[in-house]
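In: One predicted model, sequence on top.
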Amino acid sequence: MEANKSLEVLFAPAEFGMLGHRDLSQTVCVVFDILRATSTMTTALGNGATAIIPVAEIGEALAIRAERPGVLLAGERLGLRIRASQTGGADFDLGNSPREFTPEKVANKTIVMTTTNGTRALQGCAGAQQVLTGAFLNLEAVHRWIEAAQPRHLLLVCAGTADQVAYEDAVAAGALCELVWPSYGTELVADSAAIARELFRARQRDLLGALQHSRNGRRLLAIPELRDDVRFCAQRDTHDFAAGLKPDGTVTALP
């Protein structure tokens, strides 16, 4: 007999690339790109942005800007803000550092965002009952949303780095596994969820150290203007809302 609920973690982009072949109609997906896309989206919405439009390619972002001149363009390639040499025109307004997305810059704005992995992961979950964006910055709010919705299937998707697992995303997925374990731990739990939970339990007393230990963390720490992003993204529950992907393709705060 099929279990009433299931809990699973996908660690690498190769796994979420196969989601198009799965029936996700009864599945809630939570996408984690801790360093930094989902942390940045959470910060932008918390600082008053109206919505975020995630797209995979630079050209898609430019096409939306041509139709809607009032939107802000945000994103990165190789961790750095997209520049005119990559667009054939102007620099993007913002990069992918959450510290850039201040109320003065983003309040009442719609932001078109493209990143190396995070926006791809969100698009890979198309067809799900609901797609949430997860970060340490709003993890308890994501947990509360899940507890209220009680989805039959809960799938945590780690955006990763290039085509590989990202340590910080796996730790964050494990943190959410720990929170939902009372509701899902006696159901059909994939080994991947148990692994992520055990990883979080091993690192929970020093999340900053975990992020600094990661490949992405070390890369950001080596860039003086971005090194403070690591500490910023390691903060817990600075925002009290869950955010998710709407049918129109925008990410907004959820009621």
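Out: Nice, I can see it. Numbers count the residues shown, from 1 in each chain.
In: would you list every one of the helices in the stretch 151-255 of the chain?
Out: Taking DSSP state H, counting those that start in this stretch as the test, the helices found in the stretch 151-255 of the chain are 167-184, 191-203, 207-213, 215-221, 228-233.
In: So which of these is nearest residue 67?
Out: Nearest to residue 67, of all the helices of the stretch 151-255 of the chain, is helix 228-233, at 30.9 Å by C-beta to C-beta. To be clear about C-beta, it is placed using only N, CA and C from the backbone, and glycine gets the same treatment.
In: so which of the helices of the stretch 151-255 of the chain comes closest to residue 240?
Out: helix 167-184 (15.0 Å).
In: mind checking the end-to-end distance for stretch 46-63?
Out: Across stretch 46-63, the terminal residues are separated by 26 Å (C-alpha to C-alpha, to the nearest Å).
In: no wait, stretch 27-45
Out: Terminal-residue distance, stretch 27-45 (C-alpha to C-alpha): 24 Å.
In: Please determine how far residue 17 is located from residue 149.
Out: Distance, residue 17 to residue 149, using C-beta to C-beta, to the nearest Å: 26 Å.
In: Sorry, slip of the keys, the one I care about is residue 119.
Out: Taken as C-beta to C-beta, the span from residue 119 to residue 149 is 24 Å.
In: Tell me which of these two has more neighbours.
Out: Shown here are residue 119 and residue 149; by other C-beta atoms under 10 Å, residue 119 has more neighbours (28 against 15).
In: and that one, what pLDDT?
Out: pLDDT for residue 119: 90.
In: Tell me which other helices or strands the helix or strand harbouring it touches.
Out: Taking DSSP states H and E as the criterion, residue 119 maps to helix 118-124. On a contact count with 3 or more C-beta pairs under 8 Å, 6 or more residues apart in numbering; DSSP states H and E, helix 118-124 meets helix 13-16, strand 27-32, helix 37-46, strand 51-54, strand 153-158.
In: And those: which comes nearest residue 91?
Out: With C-beta to C-beta, the closest approach to residue 91 among those belongs to helix 37-46: 17.2 Å.
In: Could you check the angle that closest one makes with strand 27-32?
Out: On the basis of axes from the mean of the first three to the mean of the last three C-alpha atoms, to 10 degrees, helix 37-46 is oriented at 90 degrees to strand 27-32.
In: So what's the residue count around residue 78?
Out: Neighbours around residue 78, by other C-beta under 10 Å: 7.
In: got the contact list for the nearest residue to it once chain neighbours are set aside?
Out: Closest residue to residue 78 apart from its sequence neighbours, by C-beta to C-beta, 6 or more residues apart in numbering: residue 116 at 7.5 Å. Residue 116 sits next to 76-78, 162 when contact means C-beta atoms under 8 Å, 6 or more residues apart in numbering.
In: One more: residue 167?
Out: 210, 213-217.
In: Quick check: pLDDT value at it.
Out: At residue 167, pLDDT is 98.
In: Quick check: the gap between it and residue 140.
Out: 22 Å.
In: Could you do residue 76 as well?
Out: 27 Å.
In: Would you mind telling me which of the two has more residues around it?
Out: residue 76 (22 against 17).
In: Who are the packing partners of the helix or strand harbouring that one?
Out: Using DSSP H and E, the element containing residue 76 is strand 72-77. Judged by 3+ C-beta pairs under 8 Å, 6+ apart, the packing partners of strand 72-77 are helix 58-67, strand 110-114.
In: How far does the following helix or strand past it sit from its chain's centre?
Out: Counting by DSSP H and E, the element after strand 72-77 in chain order, helix or strand, is strand 80-81. Offset of strand 80-81 from its chain centre (C-alpha atoms, centre = their mean, to the nearest Å): 18 Å.
In: Let me see the residues that make contact with strand 80-81.
Out: Here strand 80-81 has contacts from 75, 91-92, 94-96, 223, using C-beta under 8 Å, 6+ apart.
In: If we use 7 Å, what do you get?
Out: 91-92, 95 (C-beta atoms under 7 Å, 6 or more residues apart in numbering).
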